[in-house]
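Peer 1: let's see this in three dimensions:
(one chain, ligands or ions: 1)
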Amino acid sequence: MESKEWYYSLGDQTFMVSTKPEHISHDFIQASFSDPVMYWAKPISSENLRTMLENSCFLGLYLTSPDPLPRSKSTAKDLDPAAPLQPPCVFIQIGMARLVTDYMTLAFLTDVFVVPEHQGKGLGQWMIQCVKELTDAMPGLRRVMFMAKNAPHAVKFYEELLHAQIHDQEKGKVVFMSSRDAQVDS
Ligand SMILES: CC(C)(COP(=O)(O)OP(=O)(O)OC[C@H]1O[C@@H](n2cnc3c(N)ncnc32)[C@H](O)[C@@H]1OP(=O)(O)O)[C@@H](O)C(=O)NCCC(=O)NCCS
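Peer 2: Residues are numbered from 1 along each chain as shown. Alright, predicted model coming up:
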């Protein structure tokens, strides 16, 4: 699948979600994997991390610095949403989401994370909308699957954003599935 980038401005800050491998910070991923909030993950060897990334569709969430496009001063006419940000630009990784997928029929969503200092700004929801755009573009998509905490806020988050339904639940976790075609059983 071709790499994709999305931009989101909040006040004077511009955020980017990108599937481009060159922006990914391996140190950020390892630190996140060792954070107790990512209770399902743990740091892995550099080699295993490279293998994981090579076989995943990884969405990095970045704070761009300095803001290369003074968007608040631009008119809609000046702004080409497809245009890449102009250098010099530094991408500071602040979150991620990962799809393990064949890019065609199935996708497993995991490792959804936004650093605490940027939580509650809508970035997690925006990142999941980016995930949905990717899975919606998969021609033969049957299922998007993922697990989450069995907590009302987490359930609401995924039900609303991915139109997902709880498929199974056990030990405080729920297994979600969303499908393009409600008739699909496998
Ligand atoms: C889940 C998470 C990515 C949301 O990111 P965010 O940038 O704060 O999300 P937004 O600002 O777009 O939206 C906040 C909403 O997410 C909801 N949410 C969903 N799952 C959540 C979770 N596990 N922890 C906290 N909030 C969560 C909140 O209830 C809030 O809903 P509200 O706006 O109705 O109050 C972030 O809280 C996080 O990284 N948590 C730790 C890791 C984690 O639990 N990942 C998800 C595993 S299923």
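Peer 1: which strand runs longest in the protein?
Peer 2: With secondary structure taken from DSSP state E, the chain has its longest strand at strand 90-101.
Peer 1: so which bits of that strand are buried?
Peer 2: 91, 93, 94, 95, 96, 97, 98, 99, 100, 101 (16 or more other C-beta atoms under 10 Å). Every residue, glycine included, has its C-beta placed from N, CA and C.
Peer 1: swap in stretch 110-123?
Peer 2: 110, 111, 112, 113, 114, 115, 118, 123.
Peer 1: low-confidence ranges, the protein, go.
Peer 2: Along the chain, segments meeting pLDDT under 70 span 66-88, 181-186.
Peer 1: and the strands in it?
Peer 2: 5-10, 13-18, 57-65, 90-101, 106-114, 143-149, 165-170, 173-178.
Peer 1: what's the offset of the longest one from the middle of its chain?
Peer 2: The gap between the average C-alpha position of strand 90-101 and the chain average comes to 6 Å, counting by C-alpha atoms, centre = their mean, to the nearest Å.
Peer 1: near the ligand, which residues of the protein?
Peer 2: 37-38, 112-114, 119-125, 148-149, 153-154, 157 (C-beta under 6 Å from any ligand atom).
Peer 1: contacting residues for residue 18?
Peer 2: 3, 4, 5, 6, 59, 60, 62, 91 (C-beta atoms under 8 Å, 6 or more residues apart in numbering).
Peer 1: same list (those) but as JSON lines, adding distance to residue 29.
Peer 2: Output for the contacts of residue 18, formatted as JSON lines (distance: C-beta to C-beta, whole Å):
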{"residue": "3", "distance to residue 29": "18"}
{"residue": "4", "distance to residue 29": "19"}
{"residue": "5", "distance to residue 29": "19"}
{"residue": "6", "distance to residue 29": "20"}
{"residue": "59", "distance to residue 29": "12"}
{"residue": "60", "distance to residue 29": "9"}
{"residue": "62", "distance to residue 29": "13"}
{"residue": "91", "distance to residue 29": "14"}
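Peer 1: so which of those residues is the closest to the ligand?
Peer 2: In terms of C-beta to the nearest ligand atom, no member of these lies closer to the ligand than residue 59, at 11.7 Å.
Peer 1: count of neighbours near the closest one?
Peer 2: Residues lying near residue 59 (other C-beta atoms under 10 Å) number 25.
Peer 1: give me the beta-bridge partners of the nearest residue to residue 5 once chain neighbours are set aside?
Peer 2: Nearest non-adjacent residue to residue 5, counting by C-beta to C-beta, 6 or more residues apart in numbering: residue 18, 4.5 Å away. When assigned by DSSP bridges, residue 18 has beta-bridge partners residue 5, residue 60.
Peer 1: filter the contacts of residue 18 to the buried ones?
Peer 2: Buried among the contacts of residue 18 (16+ other C-beta under 10 Å): 5, 6, 59, 60, 62, 91.
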